[in-house]
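Peer 1: How does the following fold in three dimensions:
(one chain, ligands or ions: 1)
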Amino acid sequence: MFKIKKDSIDPKQVPFKVLTSGDKMPAVGLGTFGSDRFTHEEIAEAVKGAISIGYRHIDCAAVYENEAHIGNVFEEIFNSGEIKRKDLWINSKLWNDQHENVIETCKKTIADLKCDYLDTYLVHWPFRNYHSPGCDGDARNPDSKPYNHDEFMATWREMEKLVEMGLVRNIGTSSVTIPKMKLILRDATIKPSVNEMELHPHFQQRELYDFLVKNNVVPIGFCPIGSPTRPDRDKTDDDTVDIEDPIILRAAKRLGVHPAVVCIKWAVQRGQVPIPFSVKELEYRSNLQSVISDPLTKEEMEDISNINKNCRLIKGQVFLWESAKGWEDLWDLDGTITK
Ligand SMILES: NC(=O)c1ccc[n+]([C@@H]2O[C@H](COP(=O)([O-])OP(=O)(O)OC[C@H]3O[C@@H](n4cnc5c(N)ncnc54)[C@H](OP(=O)(O)O)[C@@H]3O)[C@@H](O)[C@H]2O)c1
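Peer 2: Residues are numbered from 1 along each chain as shown. Okay, the predicted model is just below:
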């Protein structure tokens, strides 16, 4: 039977971000993509453990193929009477092969998660380009295409309907660049309230971050620790390691914490919402604890702002279309949408 642990962290102490709807999203969440290293049951168990020690924000996605397992945990938690549905912030994401089937796909996710409604539902990637989970990093699908705004907006209209239907409270995007976001903000009736994107000390995406904040879109940061144990298909020789950076190590030493914890502190103090993954209680507890204790100093924050290495880890190469030159084409590096 689910029980809140006696030594849990008080969720009321955890900061939050107010979205355009007025809803309050806890400023740190638990990731649930196990990078092929953990079973669905282990991840569901981690969700249960994390909620029992004070997490109230869980980042899910249909493509992680574990929503039904996590749903069993949510059901157990709600049945325990210890925590109500409204006390949790549950996010999920629409996978690329379901852009033309938004409403049914969202209903399936809600049924799998056994949660009645979603607090946030995101379009996982701004492309319909599909690859099978776990496929080879260089695999290209001949049906893949560059970003098509009309197609994206057709999907977005269905996302807006989910809000009108009461299935979803807030809708958002993931891995959207500035030129794409400009068009979406121009044409959306319900504007994206969040953009989930890669954010860690070695990949700060300052221009995009500032643009989002200016437009009331809250940045959610994935891979906040630099995803040290991501799958090999997402590793290249040029990648740098955030938790080995001397500036991060120095702050970790001062505070007597793991460098991962410094990355989480930096993220929340900067203003994004990190969603670190871990199945280990010691780790996920210290990640949550990190945001309510011992802040980084002004100098440490400034020093970390200077260690950006523009090192994108999740390059997305499996979503490339046949004529694309390289993974850079997904990210509109010259400020225009790559055709
Ligand atoms: N929207 C998207 O397209 C997208 C893309 C990628 C990820 N995400 C989401 O973002 C979440 C987080 O990203 P991620 O899992 O790739 O990377 P991450 O959170 O940066 O790194 C996770 C790894 O860091 C280590 N770790 C965590 N806390 C630690 C601590 N306190 N001390 C020491 N080590 C610690 C763990 O390694 P060990 O297990 O070895 O201990 C863990 O596996 C995912 O789970 C997923 O929910 C979304």
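Peer 1: Please tell me I have it right and Ile77 contacts Ile4.
Peer 2: No - counting by C-beta atoms under 8 Å, Ile77 does not reach Ile4; the two are 9.5 Å apart. All C-beta atoms are positioned from the backbone trio N, CA, C, and that covers glycine.
Peer 1: Show me which of the two is the more surrounded one.
Peer 2: Neighbour count, other C-beta atoms under 10 Å: between Ile77 and Ile4, Ile77 has more, with 23 against 15.
Peer 1: quick one: secondary structure of that one?
Peer 2: At Ile77, secondary structure determined by DSSP: H, G, I helix; E, B strand; the rest coil is helix.
Peer 1: give me every residue that touches it.
Peer 2: Phe2, Lys48, Ile51, Ile83, Leu88 (C-beta atoms under 8 Å, 6 or more residues apart in numbering).
Peer 1: Overlap in contacts, Ile77 and Ile4.
Peer 2: What both Ile77 and Ile4 touch, as defined by C-beta under 8 Å, 6+ apart, is the set Ile83.
Peer 1: coming back round to it: among the contacts of Ile77, which are located in strands?
Peer 2: Using DSSP state E, no member of the contacts of Ile77 falls in strands.
Peer 1: Can you tell me which of these are buried?
Peer 2: By neighbour count, with 16 or more other C-beta atoms under 10 Å, the contacts of Ile77 hold Phe2, Lys48, Ile51, Ile83, Leu88 as buried.
Peer 1: Going along the chain, name the helices of the stretch 201-339 of the chain.
Peer 2: 206-214, 246-255, 259-270, 281-289, 298-305 (DSSP state H, counting those that start in this stretch).
Peer 1: chain center to the third one, what's the gap?
Peer 2: Using C-alpha atoms, centre = their mean, to the nearest Å, the mean C-alpha position of helix 259-270 is found 15 Å from that of the whole chain.
Peer 1: Can you name every helix or strand that it contacts?
Peer 2: helix 246-255, strand 273-274, helix 281-289, helix 298-305 (3 or more C-beta pairs under 8 Å, 6 or more residues apart in numbering; DSSP states H and E).
Peer 1: Mean pLDDT, mean neighbour count and distance to Arg206 for the ones you listed - can I get that in CSV?
Peer 2: Listed next are those as CSV, based on pLDDT from 0 to 100; neighbours: other C-beta atoms under 10 Å; distance: least, C-beta to C-beta, whole Å:
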stretch, mean pLDDT, mean neighbour count, distance to Arg206
helix 246-255, 98, 17, 17
strand 273-274, 98, 27, 16
helix 281-289, 98, 19, 24
helix 298-305, 98, 15, 8
